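>>> for reference, the sequence and a predicted model appear below.
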Protein chains: 2
Amino acid sequence: MDQSIIPDIIVGRIPLYLRELTRMAEEGKVITSSHELGRRLGISSAQIRKDLSQFGEFGKQGTGYNISFLVEQLRRVLKVNKVWNVVLVGVGDLGRAIAHYTGFLDRGFRITKVYDSDTQKIGQRVGDFTIRDVTLMVNEIRREKIRVAMLAVPASDAQSVTDLLVEAGIRAILCYAPVSINVPEKVKILYIDPVLHLQHMTYYLP
Amino acid sequence: MDQSIIPDIIVGRIPLYLRELTRMAEEGKVITSSHELGRRLGISSAQIRKDLSQFGEFGKQGTGYNISFLVEQLRRVLKVNKVWNVVLVGVGDLGRAIAHYTGFLDRGFRITKVYDSDTQKIGQRVGDFTIRDVTLMVNEIRREKIRVAMLAVPASDAQSVTDLLVEAGIRAILCYAPVSINVPEKVKILYIDPVLHLQHMTYYLP
DNA sequence: TAGATTGTTAATCGATTAACAATC
DNA sequence: TAGATTGTTAATCGATTAACAATC
């Protein structure tokens, strides 16, 4: 493993490998191979071996990979061998669904605060949370040194709320608003827009 | 424009261009350039010109692109100059949020049927829909020749429900279950798993 | 040992960028 | 005309795959 930077496209596949390996572990499997993992994911075995080798030597020739060991290593690589506190901003229908989702915790994330700007909603409960006033957000994120945010506000508010998150010290944003946002270099942002995926697929339909 | 197949990675960027151009049109802009569009999307102008040129000659030297014309052309390319009927399967919190979402229609999609297997939910309303029994699904999709599905069922049901969708004639699936699904070659499937994105970003955090 | 599979190198393949003639 | 921007070609850059020695 050399010291050069690891390509982002490879980093982006590691969570996928981790997810499938976790699934295999749940199925009771103990050992796997780059071939088996590749077949399950639709990825070539060569690519999987090359990707994993960027981060260490995790396998044994002739045998393959010990699944629980590899899971542990990939969780360490991705820094999800701890739990990140996350704020959720925006409690519309989608924010509500995110707040109720129970699949974050065992994959490294825990929502700890939920914000909205609607005075009708502030103080109401959503799942385990009380909806907080977004005007408190910057100070609270700062005080609790939170680094990760999920953004489920209307597109028209996404840039201004993002600016606040960045000001508060957030360094990773998952944005559900269907709009491109500007952030400083040091801040990571990724997007979820289901319609982009649907339009990508309809290109291929007759 | 030659007759060879257009790389999928290019096809996947067209919806993004379309989204930003639509936004520009809403802002009242009439003309844009590959430079301006690239700046707004964080993409090089060369790449945008190259991508667009795969599908036709949409611009004018010295002037740039007429936004509404380009929007119209890209909608045609992506086949969203019509509205696709879509079925939604699974009415948990996430399915409920999807059913309420109003952002599909003007981007080429309309949910027409919503299914679940839970007898407690069947017959209840969600947004404008009555939740239907999933056992009716295959026949109804066939009868109405629906080609696009959104899947918001538990991971444990995702493969079996997908098999039904494929059997019914669905050709494009947007899967929200955090699990890799097997589909025949002719069927397109894309995934949304927010945790994959979060883990991708935490790799870069200190 | 025989068979299997890794990690890595080199070769191939594909995507992005730079540069510029054409032209609005 | 002068300035700007496209569409395209060639060069560069980066990602994937094939192949295999090492070795379990």
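It's in.

>>> please make it C-alpha for all contacts and neighbour counts, starting now.
OK.

>>> what does chain A put close to DNA strand C?
For chain A, the contact set with DNA strand C under C-alpha under 7 Å from any atom of the strand comprises A:1, A:32-35, A:45-46, A:49-50, A:52-54, A:56-65.

>>> mind running it again at 6 Å?
Within chain A, the positions adjacent to DNA strand C are A:1, A:33-35, A:46, A:49-50, A:53, A:57-65 by C-alpha under 6 Å from any atom of the strand.

>>> what about these, which are in helices?
Those of the residues of chain A next to DNA strand C mapping onto helices are A:34-35, A:46, A:49-50, A:53, per DSSP state H.

>>> and chain A, what are its domain boundaries?
Using automatic domain parsing, the domain parsing of chain A gives A:8-77, A:84-196.

>>> make CSV out of those domains and add mean neighbour count.
Formatted as CSV, the domains of chain A follow (neighbours: other C-alpha atoms under 10 Å in any protein chain shown):
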stretch, mean neighbour count
domain A:8-77, 16
domain A:84-196, 18
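
>>> now tabulate those domains in CSV and tack on distance to B:Ala99.
Shown next, in CSV, are those (distance: least, C-alpha to C-alpha, whole Å):
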stretch, distance to B:Ala99
domain A:8-77, 27
domain A:84-196, 9
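
>>> need the strands for chain A, in chain order.
A:31-32, A:59-60, A:64-66, A:84-89, A:109-116, A:125-126, A:129-130, A:132-133, A:148-151, A:172-175, A:188-191 (DSSP state E).

>>> model confidence over the second one, on average?
Mean pLDDT, taken over the full extent of strand A:59-60, equals 96.

>>> is there proximity between it and DNA strand D?
Yes: residues of strand A:59-60 contacting DNA strand D under C-alpha under 6 Å from any atom of the strand: A:Lys60.

>>> same check on the first one?
No: on the criterion C-alpha under 6 Å from any atom of the strand, strand A:31-32 is out of touch with DNA strand D, staying 12.5 Å away.

>>> show residues contacting that strand.
Contact with strand A:31-32 is made by A:63-67, as judged by C-alpha atoms under 8 Å, 6 or more residues apart in numbering or on different chains.

>>> let me know the closest of these to DNA strand D.
DNA strand D lies nearest to A:Thr63 out of the contacts of strand A:31-32, by C-alpha to the nearest atom of the strand, at 6.1 Å.

>>> give me the pLDDT for the closest one.
What the model reports for A:Thr63 is a pLDDT of 95.

>>> could I get the contacting residues of it?
Listed by C-alpha under 8 Å, 6+ apart, the contact set of A:Thr63 reads A:31, A:33.

>>> next one: the residue in chain A that DNA strand D sits nearest to from A:Ser34, what distance?
Closest residue of chain A to DNA strand D, C-alpha to the nearest atom of the strand: A:Gly62 (3.5 Å). Distance of A:Gly62 to A:Ser34, computed by C-alpha to C-alpha, to the nearest Å: 11 Å.

>>> and what of A:Asn81?
23 Å.

>>> how about A:Gln73?
16 Å.

>>> any weak-confidence spans in chain A?
A:1-3 (pLDDT under 70).

>>> now do the helices in it.
Counting by DSSP H, the segments of chain A that form helices are A:8-11, A:14-26, A:34-41, A:45-53, A:67-77, A:93-100, A:137-144, A:155-168, A:194-202.

>>> now do the contacts for A:Lys121.
A:Ile131.

>>> surely A:Arg40 touches B:Ser180?
Yes: with contact defined as C-alpha atoms under 8 Å, A:Arg40 counts as touching B:Ser180 (7.3 Å).

>>> now for these two: what residues contact both?
Counting by C-alpha under 8 Å, 6+ apart, the residues touching both A:Arg40 and B:Ser180 are A:Glu20.

>>> circling back: gap between the residue of chain A closest to DNA strand D and A:Phe55?
20 Å.

>>> cool, and A:Met137?
37 Å.

>>> ditto for A:Thr130
From A:Thr130 across to A:Phe55, the span is 41 Å (C-alpha to C-alpha).

>>> centroid residue for chain A?
Note on chain A: the residue nearest the mean C-alpha position is A:Leu174, at 7.2 Å, using C-alpha atoms, centre = their mean.

>>> residue contacts, it?
Going by C-alpha under 8 Å, 6+ apart, A:Leu174 touches A:149-151, A:189-192, B:194, B:197-198.

>>> now do the contacts for A:Ile192.
By C-alpha under 8 Å, 6+ apart, the contact set of A:Ile192 is A:174-178, B:192, B:194.

>>> let's see 6 Å
A:Tyr176 (C-alpha atoms under 6 Å, 6 or more residues apart in numbering or on different chains).

>>> next one: A:Val87
Per C-alpha under 6 Å, 6+ apart, neighbours of A:Val87: A:111-114, A:149.

>>> closest one of those to chain B?
Of all the contacts of A:Val87, A:Ala149 has the smallest distance to chain B: 9.2 Å, by C-alpha to the nearest C-alpha.

>>> spell out which parts of chain A neighbour DNA strand D.
Counting by C-alpha under 6 Å from any atom of the strand, the residues of chain A near DNA strand D are A:7, A:9, A:44, A:46-47, A:50, A:60-62.

>>> which parts of chain A sit against chain B?
By C-alpha under 6 Å from any C-alpha of the partner chain, the residues of chain A that approach chain B are A:12, A:15, A:78-79, A:93-94, A:97, A:196, A:200, A:203.

>>> great, nothing more from me.
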